[in-house]
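> Turn this into a structure:
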Amino acid sequence: MFVFILLSFEFCLSVDPQELENNLGRRLGRVMKRHNKLEKRYKRDEEDESDDGDNVNGYLTTCCGNLTKEHEDFNRKTIDDCFEQYGKFYKYFALYAYSHTKYLVNLSITKYLIFSPTLSPLPSSASWIKPYDCATQCASTKKGLIDDEGYIKTEEMLEFMKNKYDNEELNESVRKLIPKCVEEGNQCSREIVKRKKTPKPCNPAEELVNYCIDEHIYLNCPKRFRLKEHTCSPVFKKNKFDLKQECKKYYEN
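Down below sits the predicted model:
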């Protein structure tokens, strides 16, 4: 042990401070380059919103069925407004995952970063979780979906989601899932809020409820609705989904 510490100390002494500074500079440069590319793409796509085509930038297409333009346009505007309040980086990140991927997985990209059992769940104290949750709660409030404590109301969610897809079969599946997902999503949110150390943590209930609905839709998606695209492959590899277990992994880390 002593030898290891001594060797480590000698290694630190041998590091050129200028080289260390250059390495840190290169890493920061790569991060900023990715951020700038994302910002440019967001602004470019924002300019394309005037296009009246049936499938603007592919954002109406999900891995299972197509979203109605009216439903998705309202979501996009609401999220855009709310993320303005919590920093541009979060807005760009969320809109990229939500609207600007070539084949939308309806926030699954963002969700997998938090909840995926194949990835290490982010700790609830992660610095970007709070503003993300706050923007989600802001959007839920604008949509009239939550009560005074920030939890999803079943009837309001049923009304809001009744025409999510352009296919009635998928809409019927959503309607059947909502009561179950609202109950489980609200319970998961209560556990997360209870464990957070901030005095007034924002409530992620809507995101949890939507996550539950989406995962069940993908899990039981009829083959005729499945998008044959490599970006959708991970979505259809799952053979089960349990929000209670996913939630437990999240708040215990």
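
> what are the ranges of the helices in the chain?
Using DSSP state H, the helices of the chain run over residues 2-14, 17-47, 69-84, 88-95, 108-115, 129-143, 154-161, 168-195, 205-219, 233-237, 243-251.

> Lowest average pLDDT across these?
Per-stretch mean pLDDT for the helices of the chain is lowest at helix 108-115 (a mean of 35).

> could you measure the closest residue to Asp81 other than its chain neighbours against Glu70, distance?
The shortest distance from Asp81 to any non-neighbouring residue, by CB to CB, 6 or more residues apart in numbering, is to Lys142 (7.2 Å). All C-beta atoms are positioned from the backbone trio N, CA, C, and that covers glycine. From Lys142 across to Glu70, the span is 16 Å (CB to CB, to the nearest Å).

> One more: His230?
As for His230, its distance to Glu70 is 29 Å (criterion: CB to CB).

> what does Leu145 give?
Counting by CB to CB, the gap from Leu145 to Glu70 is 17 Å.

> again, but for Gly150
For Gly150, the distance to Glu70 - CB to CB - is 26 Å.

> Who has more neighbours out of Leu145 and Glu70?
Higher neighbour count among Leu145 and Glu70: Leu145, with 22 against 9, using other CB atoms under 10 Å.

> Could I get the contacting residues of the residue lying closest to that one once chain neighbours are set aside?
Once flanking residues are discounted, Leu145 sits nearest to Glu156: 5.1 Å by CB to CB, 6+ apart. Glu156 is in contact with Lys143, Gly144, Leu145, counting by CB atoms under 8 Å, 6 or more residues apart in numbering.

> Need the phi and psi values for the second one.
As for Gly144, its main-chain torsions (degrees, to the nearest 10) stand at phi 70, psi 30.

> Quick one: residues contacting it.
By CB under 8 Å, 6+ apart, the contact list for Gly144 reads Glu156, Phe160.

> Thr78 now?
With contacts defined as CB under 8 Å, 6+ apart, Thr78 is in contact with Ala139, Lys142, Lys143.

> From Ala205, how far off is Ser140?
For Ser140, the distance to Ala205 - CB to CB - is 7 Å.
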